[in-house]
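> attaching a predicted model along with its sequence, questions to come.
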Protein chains: 2
Amino acid sequence: MISKNQLKLIRALGQKKQRKAQGLFLVQGEKNVLELSNSQLTVKSVFATSDFLSENSQSLKGFECVEATLDELTKASTLVSNNAAIAIVEIPTVDVPKAEGLMIALDGVSDPGNLGTIIRVADWYGIKHIVASMDCADPYNPKTISATMGSFGRVFVNQLDLPSYLEQADLPVYGAFLEGESVHKKAFLADGILLMGSESHGVREEAAKFVTDKVTIPAFGGAESLNVAMATGIILDNLRRQHS
Amino acid sequence: MISKNQLKLIRALGQKKQRKAQGLFLVQGEKNVLELSNSQLTVKSVFATSDFLSENSQSLKGFECVEATLDELTKASTLVSNNAAIAIVEIPTVDVPKAEGLMIALDGVSDPGNLGTIIRVADWYGIKHIVASMDCADPYNPKTISATMGSFGRVFVNQLDLPSYLEQADLPVYGAFLEGESVHKKAFLADGILLMGSESHGVREEAAKFVTDKVTIPAFGGAESLNVAMATGIILDNLRRQHS
């Protein structure tokens, strides 16, 4: 059973201010909770149905588990679906990554679902580090975590002063701009930073001035733009195919 | 002002049964409503703020427009955000497309947001026709329309008996399977059908047996899968780059 205080804590962690104050975040949904056993993250508690707990006792070994009904979990959850399991996890301390290998930089990507989808596709293409401007969505927002489908445990996101980071980075900065060179033609180095802007505003000037190579995805039809997560995935595919 | 009957109709069109009975669907959000003027669709009414109506009087010429407050529109809308304009539009009669050119086939893709994102990326890559199994999401679901970002006017979706369609099609059927050939290596013909399955079940056997070529997106990291819309976009990019 989920106690009144536990319920209060779970609900509170739906808010960024509370996540920051407590140093905790929520991982919701079966797949995401099971990924915790493969991660380095510190799990405080797992609330789940008896079925989920018994079916996954091996993966959950070492975690403090609390059995709850689906009703209780649905009531506690900050998401509308997929609530057979909810975990409370410590927000890790992540050092600012050295600019090396292939990385992603995000400028003003404020939708948590998009950020989560970018984390997932980054993981697919073997990227470990995302640097994001301070006004990007919170990497620990429940919607972000949910959209990562477990990849939150393998990809680290740092929110930082993005222009300063790009300025000191000794790597090519590939920026996505409509007027850039086609990613079908561009010769990419194996290492670099892929810089993506928000769908509404693109890459802002403060960050754009550190772009060394502007690139674009060739269009064949009528759509004016692509979703930022989709565009990130397509460009990553074009980057990686040259160095596989 | 939105009348009581109009409000009732708008709310009703949030449901598939009502859309079918009335032969009408909703287009919500500024960008989507403005796209209507570039489409062949028959618009019954547009409800919008006075600002939106006066700023876009050219694009809205010929439509029956009803001025409403943002409060009224928000109350009427079936979506949580982006409600400065709502249009009621006739569901067009779309003939089953001849199997020619590059097309997409969807097997059991039930999430409306994913379907909408697939319509948008199909439009980017110049694809006009999507054929979808009967259990796919409704192409006229408000969440589908919203996610297309206007591309609903340029890409036609037919729900039909998918296995029969694939059986009679005289085109290669490229099916997305984890064990397929890498899309980085595969030689694609310019014309063909890209067949995508649902994230949870993949392509089902009834449709899979008509696949002529299994393809896959090479993975470089830890994620087990990609979102179906993301995978569709990445494979389309790989198809089009060979014939641009």
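Sure, I can see it.

> what does chain A put close to chain B?
Applying CB under 8 Å from any CB of the partner chain, one finds that chain A approaches chain B through A:117, A:120-127, A:149-151, A:154, A:184, A:217-227, A:229-230, A:233-234, A:237-238, A:240-241, A:244. Where C-beta positions appear, they are placed from N, C-alpha and C, glycine not excepted.

> let's see 7 Å
Within reach of chain B by CB under 7 Å from any CB of the partner chain, chain A has these residues: A:117, A:120-121, A:123-127, A:151, A:154, A:184, A:217-223, A:226-227, A:230, A:233-234, A:237, A:240-241, A:244.

> and the average pLDDT for the longest strand anywhere in chain A is what?
For chain A, the strand with the greatest residue count under DSSP state E is strand A:173-182. On average, the pLDDT along strand A:173-182 is 96.

> select only the buried ones of the residues of chain A next to chain B in ChimeraX?
In ChimeraX, this line selects whichever of those come out buried by 16 or more other CB atoms under 10 Å in any protein chain shown:
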select /A:117,120,121,123,124,125,126,127,151,154,184,217,219,220,221,222,223,226,227,230,233,234,237,240,241
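
> out of the residues of chain A next to chain B, which sit inside helices?
In helices, judged by DSSP state H, the following of the residues of chain A next to chain B are found: A:117, A:120, A:121, A:123, A:124, A:230, A:233, A:234, A:237, A:240, A:241.

> distance from the chain centre to stretch A:2-22, please.
Averaging C-alpha positions (CA atoms, centre = their mean, to the nearest Å) puts stretch A:2-22 21 Å from its chain's average.

> residues in contact with that stretch?
Here stretch A:2-22 makes contact (CB atoms under 7 Å, 6 or more residues apart in numbering or on different chains) with A:24-26, A:47, A:66, A:68, A:72, A:76, A:78, A:86, A:88, A:91, A:138, A:140, A:142.

> just give me the closest of those to chain B.
residue A:78 (14.9 Å; CB to the nearest CB).

> so the closest one belongs to a helix, correct?
No. According to DSSP: H, G, I helix; E, B strand; the rest coil, residue A:78 belongs to no helix; its state is coil.

> what sits against it?
A:14, A:26, A:142.

> looking at this, the second one is in a strand?
Yes. The assignment for residue A:26 by three-state DSSP puts it in a strand.

> what sits opposite it in the beta ladder?
residue A:88 (DSSP bridges).

> and it, what pLDDT?
96.

> now chain A, which segments are flagged as low pLDDT?
A:82 (pLDDT under 70).

> just the strands in it please.
Using DSSP E, strands in chain A cover A:24-28, A:43-48, A:65-67, A:85-90, A:102-107, A:129-133, A:156-160, A:173-182, A:192-197, A:213-216.

> got JSON lines for those strands, with distance to residue B:112 and mean neighbour count too?
Formatted as JSON lines, the strands of chain A follow (distance: least, CB to CB, whole Å; neighbours: other CB atoms under 10 Å in any protein chain shown):
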{"stretch": "strand A:24-28", "distance to residue B:112": "21", "mean neighbour count": "25"}
{"stretch": "strand A:43-48", "distance to residue B:112": "28", "mean neighbour count": "22"}
{"stretch": "strand A:65-67", "distance to residue B:112": "34", "mean neighbour count": "17"}
{"stretch": "strand A:85-90", "distance to residue B:112": "25", "mean neighbour count": "23"}
{"stretch": "strand A:102-107", "distance to residue B:112": "26", "mean neighbour count": "26"}
{"stretch": "strand A:129-133", "distance to residue B:112": "28", "mean neighbour count": "23"}
{"stretch": "strand A:156-160", "distance to residue B:112": "28", "mean neighbour count": "18"}
{"stretch": "strand A:173-182", "distance to residue B:112": "27", "mean neighbour count": "18"}
{"stretch": "strand A:192-197", "distance to residue B:112": "25", "mean neighbour count": "24"}
{"stretch": "strand A:213-216", "distance to residue B:112": "29", "mean neighbour count": "19"}
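
> mind putting those into TSV with distance to residue B:133?
TSV is the format used below for the strands of chain A (distance: least, CB to CB, whole Å):
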stretch	distance to residue B:133
strand A:24-28	30
strand A:43-48	33
strand A:65-67	39
strand A:85-90	31
strand A:102-107	35
strand A:129-133	36
strand A:156-160	37
strand A:173-182	34
strand A:192-197	33
strand A:213-216	34
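
> can you get me a residue count around residue A:1?
Per other CB atoms under 10 Å in any protein chain shown, the neighbour tally for residue A:1 reads 11.

> residue contacts, it?
Contacts of residue A:1 by CB under 7 Å, 6+ apart are A:68, A:72.

> that one and chain B, how far apart?
31 Å (CB to the nearest CB, to the nearest Å).

> residue ranges of each domain in chain A, please.
A:4-90, A:102-241 (automatic domain parsing).

> for residue A:151, list the residues it contacts.
A:119, A:120, A:123, B:222, B:223.

> quick one: the first one and residue A:146 touch, right?
No. Judged on CB atoms under 7 Å, residue A:119 makes no contact with residue A:146 at a distance of 10.9 Å.

> the two: who's more crowded?
residue A:119 (27 against 22).

> and the gap between the more buried one and residue A:22?
For residue A:119, the distance to residue A:22 equals 22 Å [CB to CB, to the nearest Å].

> same question, residue A:227
For residue A:227, the distance to residue A:22 - CB to CB - is 32 Å.

> what of residue A:71?
25 Å.

> okay, now residue A:60: neighbour count?
22.

> excluding its backbone neighbours, what's nearest it?
Using CB to CB, 6 or more residues apart in numbering or on different chains and skipping the chain neighbours, the partner closest in space to residue A:60 is residue A:46 (6.1 Å).

> okay, how far is it across stretch A:63-81, tip to tip?
23 Å (CA to CA, to the nearest Å).

> I meant stretch A:124-138, not that one.
21 Å.

> that older thread, between the contacts of residue A:78, which is nearest residue B:180?
In terms of CB to CB, no member of these lies closer to residue B:180 than residue A:142, at 33.9 Å.

> quick check: the closest one touching residue A:76?
No. Using CB under 7 Å, residue A:142 makes no contact with residue A:76, being 11.6 Å away.

> more neighbours: which of those two?
Under the criterion of other CB under 10 Å, the comparison of residue A:142 against residue A:76 puts residue A:142 first, with 24 against 21.

> now do the same contact list for that one.
Residue A:142 neighbours (CB under 7 Å, 6+ apart): A:14, A:26, A:28, A:78, A:79.
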